[in-house]
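Chemist: need coordinates for the following:
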Amino acid sequence: MNTGSAKTRPSRQLVNIASTLVTGLLLTALAAPCTANPWNNDCLPDLWVIERHQTASGQTRAHILSGEDMYSSFLLHATTSLSETGKEHAFEFLLGDFNHDSMLDIYVIEKTGTRSGRTEVHVLNGADFYRSFLIAGIETALGDTGSDASWQFQLADLNGDRVSDLYAIQKKGTTSGRTEVHVLDGADHFRSFLLNTPTTIAEIGDERSWIFLVHDFSGDRVPDLYAIQRARTRSGKTEVNILDGASRFGALLIHASPIALAETGGGDDWWFSLADLDGDGVRDLYAVEKMNTRSGQTEVHVLNGADLFQALLLHGAKTPISETGDDAAWIFLAAGCEDANPPGQQKP
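Modeler: Here you go, the predicted structure:
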């Protein structure tokens, strides 16, 4: 497994303890009532796998790995209505409940080469297994954002209207010389801005040595910005910074906190997302290792959010997918009950 030198690897004892712990926690989660998981009616996060390049159908495909058996089997194989989208960063994929039917839809952010010359948004309908669009070719307030990783996108509700807004993190070529956050209003289909602001982080370029995720860490109902530094850290480990959404990302809630992974580099051979595996109400960090794994398969690691990712809840869980390489032809997104909106909420 490519998590660094032997001295930074978790011991077998730690792995066994973590496995025992997570088993007990999962039994609790399985027993808990769940109102919003359409795939298998449990409260465990599942793992969406987007296959974008050289597919059997010639279309982008969506697969779902089951959290119930720790990602060792599939819940879904679906051919979407979207053509192949390649292995670069010209497209990004996000999960959210666009039409509030408690089914997770796939947001497709088309960053370059669009008809309008602007960044465009498409949404694939979860209710029919991504065979149709809920919206297609929506022009946003952003221009072309390129085919590299200098822009990254996330979904969260900034203004509390129960409609997902689109966070666009600009890592290079900013007016301020710092990494900037732009938030597009979901209520008008991303045609206007709710926020444009520099952060406390300097520009960090067009590679994936920094990854950004958005979630309310502090519990103040304002989404915060997780900045995961994967390479060239002081500690020699992957580090997490969390920027305070209430201060418009001008203050750090957590600064350069090392986690239970060695440096993970600047490529696409690791994919990160947030979901609550153990049901404690705190988002855990999913790290999907796509190549150079011990098993020769794509593997899943989950770091415990309750201790700021110091311990592994799940370590090297082998998926039924072979290694998926160091490009963006395969991407991985974890999501659970908390990511689908309960029925009856306001529609966009």
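
Chemist: quick one, what contacts G219?
Modeler: By Cβ atoms under 8 Å, 6 or more residues apart in numbering, the contact list for G219 is empty. For the C-beta atoms, the positions are set from N, CA and C on the backbone; glycine is no exception.

Chemist: how much space separates it from Y226?
Modeler: Applying Cβ to Cβ, to the nearest Å, the value for G219 to Y226 is 15 Å.

Chemist: what about A187, which SS state?
Modeler: Under DSSP: H, G, I helix; E, B strand; the rest coil, A187 falls in the helix class.

Chemist: quick one, helices of the stretch 51-200 of the chain?
Modeler: Using DSSP state H, counting those that start in this stretch, no helices are found in the stretch 51-200 of the chain.

Chemist: can you map out the strands along it?
Modeler: In the stretch 51-200 of the chain, the segments counted as strands under DSSP state E, counting those that start in this stretch are 59-65, 74-83, 91-96, 105-110, 118-124, 133-143, 151-156, 165-170, 178-184, 193-202.

Chemist: what's the mean pLDDT across the first one?
Modeler: On average, the pLDDT along strand 59-65 is 98.

Chemist: what's that strand packed up against?
Modeler: strand 46-51, strand 74-83, strand 312-322 (3 or more Cβ pairs under 8 Å, 6 or more residues apart in numbering; DSSP states H and E).

Chemist: the strands of the stretch 51-200 of the chain: which one's closest to W330?
Modeler: For these, proximity to W330 was assessed by Cβ to Cβ; strand 59-65 is nearest, at 9.4 Å.

Chemist: just want the most central residue of this protein.
Modeler: With distances taken as Cα atoms, centre = their mean, the chain has S273 as the residue nearest its mean C-alpha position (3.4 Å).

Chemist: quick one: contacts for that residue?
Modeler: Residues in contact with S273, defined by Cβ under 8 Å, 6+ apart, are 213, 285-286, 332-335.

Chemist: mind checking which of the helices and strands packed on strand 59-65 is nearest I242?
Modeler: Taking the helices and strands packed on strand 59-65 one by one with Cβ to Cβ, strand 312-322 is closest: 19.1 Å.

Chemist: quick one: list the elements packing against the closest one.
Modeler: Counting by 3+ Cβ pairs under 8 Å, 6+ apart, strand 312-322 packs on helix 12-31, strand 59-65, strand 297-303.
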